[in-house]
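**Q** Take a look and give me a structure for this.
(chains A and B)
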Amino acid sequence: MSEPAPPRSHLARRRALVGAGFGVLLLAGVLVSAVVGQLAVSPAEVLGSLLRAIGITTPWAPQDPVVDAALWVVRFPRIVMAMGVGAALAAAGAVMQAIFGNPLAEPAVVGVSSGAALGAAIAIATGAAALGEGAVAIAAFLGGLLATFLVYMVSRADGRSEIVTLLLTGIAVNAFGGAGLAFVLFLASTASREQIVFWQLGSLSGSLWRESLLVVAVAVVGVVVATALGRRYDLLALGERNARHLGVDVERLRLGSIVLVAVLTAVAVAFVGIIAFVGLVVPHLVRMLVGPAHRALVPLSALGGAVLLVLADLLARTIAGGAELPIGMLTSLVGGPFFFALLWRQRRRSGGWA
Amino acid sequence: MSPAERLDADPVAGPASEPAVLRARDAGLELGGRTVLDGVDLEIRAGEVLAIVGPNGAGKSSLLAMLSGERAPSRGAVELDGRPLASFSPVELAQRRAMLTQDNALSFPFRVREVIEMGRSPWQRAPERERDEGAMISAAARADVTHLLHRRFTELSGGERARVSLARVLAQDTPVVILDEPTAALDLRHQEDVLRVARALAAIGGAVVVVLHDLSLAGSVADRVALLAAGRLLAVGAPREVLTAESVGAVYRIEVDVIEHRGRLLVVPADPRARPE
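**A** Have a look, this model is predicted:
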């Protein structure tokens, strides 16, 4: 019974190990993604091209400008986008779970993503997108923010949200978002329509450098902020009252976090559409590996999210031969059953839908 | 200090020479248009244990909420160290008073060690953070949870959770400690442990406020007892003066016997078999 508690260094080592593991996976994923595609590029050429970009000339650098273009115009921005979106969504999921006090909270499940998608669709259909590229992102952000607030207000009681209430609220918000999207589709011109359909399925194809760099920048800032708030998120797990007694300004933390979740989700959704379940699956797995402390959970989830989306996009590009699957469909195919298993386990444990 | 010694010390006012740390002045509280507390004048002094007792719905939890700063009084004032509670920042307040609530739920499976360490968070940016490890270990020992440190909080029994929460509150290491029914989920030995911990806190100069349902426990742990009924303080004073068969009988509407046994005050319901009905 009184075996000694494992020393703290144990956990630190575990975290370092998981971080290193994700790092290796990410590197491998990036390399394979750069190599595989319609145009065959050798790993040596990828490396040579990368080295040449930072001013080191090697014999491996590709001679054919088409290869260079395929890497720098098509594949690299897409890979960077996958990393940024994965990190943003996974971090948003971890933060959302912290403020909802519920491991099943996730941007797409509770409707934040569809809120953001509706915002983006309205911007496209009304022609507001012509005002500038930022307009779609801002509209997505507003839609996401509105949806987050709505879900948060309705589903929480005493600092926790019951699973049933959370999911029912999610259903309602998703239904409204979906109907709104359908309505906008109905009204929109054919060109806008195609753009909007893309939001519903989610795809990383056609990513541009300036978009993917923006996503990565927002993701990095968001992850840094969320990690800095990590200790406070830990305290929230004790319930709102206890957190307050421990000196946490719960109201401010909540409001700030809602905005953070909306920003992280919206920046991802604005450029690649709805990619569901990343924010659910990744933090859950990371929590199983390194425990629930948020100062480790948030950054490792972000890294894990980057890994997951790079690999998922690789799969989406290659699994069906020449055709390309929408990545959002792919993550839902995998994430749906995962979510179901989680729900089933939780239900068995608590003996009901509480 | 044993209860017997303590009872001999200063029966009426407790350590009256000590200054009041926490003070409610003619404080009242309204919730949803209903007056739940009215005209409460109460002082809690350094070095004493004050027990708040009263029947269900008397306003004990509301009083704790007001004393802890969770709810601002609708009338009157609550002061900590002579300053209104509202003038404290959340962290400042957390460095001055700790509160054990009855909420022992935890959203994620943290280890017991991590949960107790959460009690140190108010000191995160203060020089006292150097004592984090020592405070955590000492708190775990006092709440008898050292053997649970590596376990997951969510796997513990109700009583174990309650003790870990107590350890978390102790690790916060504050001069004012407020305990809301700390013995509710505990077995006999651990109930006594909690009372001893409360006494020990007072012995080193802490001010302890504790809500207890068990009047015998209240009588044996407290320097002073505050009897609350229908939102008003009926009596505040030494346990022997406040917990009489008449006052308890009137407030709880049940016939009780108050017995003194080995220096301990026991409040027990009168034998139902002795009465018809």
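
**Q** what's the spacing between stretch A:279-287 and its chain's center?
**A** Centre-to-centre, stretch A:279-287 and its host chain are 11 Å apart (Cα atoms, centre = their mean, to the nearest Å).

**Q** meant to ask about stretch B:268-275
**A** For stretch B:268-275, the separation from the chain centroid amounts to 29 Å (computed by Cα atoms, centre = their mean).

**Q** Stretch A:269-286 too?
**A** How far stretch A:269-286 lies from its chain's middle: 4 Å, per Cα atoms, centre = their mean.

**Q** Could you do stretch A:322-342 as well?
**A** Mean-position distance between stretch A:322-342 and its chain equals 14 Å (Cα atoms, centre = their mean).

**Q** Return the set of buried residues in the lengthiest helix in chain A.
**A** Looking across chain A with DSSP state H, the single longest helix is helix A:8-35. Neighbour-count burial for helix A:8-35 flags A:Leu11, A:Arg15, A:Val18, A:Gly19, A:Phe22, A:Leu25, A:Leu26, A:Gly29, A:Val30, A:Ser33, A:Ala34, A:Val35 (criterion: 16 or more other Cβ atoms under 10 Å in any protein chain shown). All C-beta spots, glycine's among them, are computed from the backbone N, C-alpha and C.

**Q** Now for the residue of the stretch 51-200 of chain A found nearest chain B, how many residues are close by?
**A** Of all residues in the stretch 51-200 of chain A, A:Gly101 sits closest to chain B, at 3.9 Å by Cβ to the nearest Cβ. Here the count is done by other Cβ atoms under 10 Å in any protein chain shown, and A:Gly101 has 23 residues near it.

**Q** Touching, it and A:Leu235? I think so.
**A** No - A:Gly101 lies out of contact with A:Leu235 (Cβ atoms under 8 Å); the separation is 11.2 Å.

**Q** re the thing from before, how about CSV for the buried residues of helix A:8-35, with pLDDT and distance to A:Leu213 added?
**A** Below are the buried residues of helix A:8-35 laid out as CSV (pLDDT from 0 to 100; distance: Cβ to Cβ, whole Å):
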residue, pLDDT, distance to A:Leu213
A:Leu11, 83, 34
A:Arg15, 94, 28
A:Val18, 95, 27
A:Gly19, 96, 23
A:Phe22, 97, 22
A:Leu25, 97, 23
A:Leu26, 96, 17
A:Gly29, 95, 19
A:Val30, 94, 16
A:Ser33, 93, 17
A:Ala34, 91, 17
A:Val35, 91, 23
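
**Q** For B:Pro84, state which of the residues you listed is nearest.
**A** When those are compared for distance to B:Pro84 (Cβ to Cβ), A:Leu11 wins out at 41.9 Å.

**Q** Spatially central, which residue of the chain would that be?
**A** By default, I'm working from chain A. Geometric centre of chain A, nearest residue: A:Leu89, 1.5 Å, by Cα atoms, centre = their mean.

**Q** look at chain B instead
**A** B:Val210 (1.7 Å).

**Q** contacting residues for that residue?
**A** B:Val49, B:Leu50, B:Ala51, B:Ile52, B:Ile178, B:Leu179, B:Pro182, B:Ala198, B:Ala218, B:Val221, B:Ala222 (Cβ atoms under 8 Å, 6 or more residues apart in numbering or on different chains).

**Q** Nearest to A:Thr265, out of those: which one, please.
**A** Among the contacts of B:Val210, B:Ile178 lies closest to A:Thr265 (Cβ to Cβ), at 39.5 Å.

**Q** For chain A, which residue gets nearest to chain B?
**A** Nearest to chain B in chain A, going by Cβ to the nearest Cβ, is A:Gly247, at a distance of 3.1 Å.

**Q** Excluding covalently adjacent residues, which one is nearest to that residue?
**A** Closest residue to A:Gly247 apart from its sequence neighbours, by Cβ to Cβ, 6 or more residues apart in numbering or on different chains: B:Ala94 at 3.1 Å.

**Q** pretty sure that neighbour is touching A:Leu246, no?
**A** Yes - using Cβ under 8 Å, B:Ala94 makes contact with A:Leu246 at a distance of 5.3 Å.

**Q** Show which residues not belonging to the helix or strand A:Arg193 falls within make contact with it.
**A** Using DSSP states H and E, A:Arg193 sits within helix A:190-201. Residues external to helix A:190-201 that are found in contact with it (Cβ under 8 Å, 6+ apart): A:117, A:120-121, A:124-125, A:181, A:184-185, A:188, A:269, A:273-274, A:326, A:328-329.

**Q** Ranking helices and strands of the chain by mean pLDDT, which lands last?
**A** Defaulting to chain A. Ranked by mean pLDDT, DSSP states H and E, the weakest helix or strand in chain A is strand A:160-161, scoring a mean of 66.

**Q** ok, then the element right after it?
**A** Defined by DSSP H and E, the subsequent element after strand A:160-161 is helix A:163-187.

**Q** burial count for the residue of the stretch 151-277 of chain B found nearest chain A?
**A** Per Cβ to the nearest Cβ, B:Gln172 is where the stretch 151-277 of chain B lies closest to chain A, at 7.2 Å. Using other Cβ under 10 Å, B:Gln172 is surrounded by 27 other residues.

**Q** Am I right that it is in contact with B:Ala94?
**A** Yes - B:Gln172 is within contact range of B:Ala94, at 7.0 Å (criterion: Cβ under 8 Å).

**Q** before we move on, which element is A:Gly37 in?
**A** Counting by DSSP H and E, A:Gly37 is found in no helix or strand.

**Q** Let's see the pLDDT reported for residue 246.
**A** Chain wasn't specified; assuming chain A. Note for A:Leu246: predicted pLDDT of 96.

**Q** try again with chain B
**A** B:Glu246 is assigned a pLDDT of 91 by the prediction.

**Q** can you tell me which residues contact it?
**A** By Cβ under 8 Å, 6+ apart, B:Glu246 has no neighbours at all.

**Q** Check which helix or strand it maps to.
**A** Secondary structure from DSSP H and E places B:Glu246 in helix B:245-252.

**Q** buried set for that helix?
**A** Neighbour-count burial for helix B:245-252 [16+ other Cβ under 10 Å]: B:Ser247, B:Val248, B:Gly249, B:Val251, B:Tyr252.

**Q** anything in contact with each of B:Gln172 and B:Ala94?
**A** Common neighbours of B:Gln172 and B:Ala94 (Cβ under 8 Å, 6+ apart) are A:Leu246, B:Pro122.

**Q** so what's the backbone phi/psi at A:Phe277?
**A** Phi and psi for A:Phe277, reported as degrees, to the nearest 10, are phi 80, psi -10.

**Q** Flag the shaky bits of the stretch 151-300 of chain A, pLDDT-wise.
**A** A:157-161, A:163 (pLDDT under 70).

**Q** How about A:Val30, nearest residue that isn't a chain neighbour?
**A** Nearest one to A:Val30, counting by Cβ to Cβ, 6+ apart, is A:Ile79 at 5.5 Å.

**Q** between the host helix or strand of the one you found and helix A:163-187, how big is the angle?
**A** Per DSSP H and E, A:Ile79 falls inside helix A:76-100. Following axes from the mean of the first three to the mean of the last three Cα atoms, to 10 degrees, one obtains 140 degrees for the angle between helix A:76-100 and helix A:163-187.

**Q** mean confidence for stretch B:213-220?
**A** Rounded mean pLDDT across stretch B:213-220 is 92.

**Q** Other residues contacting that stretch?
**A** Residues contacting stretch B:213-220 (Cβ under 8 Å, 6+ apart): B:3, B:51, B:53, B:181, B:183-184, B:191, B:195, B:210, B:212, B:225, B:239-240, B:243, B:248, B:256, B:264-268.
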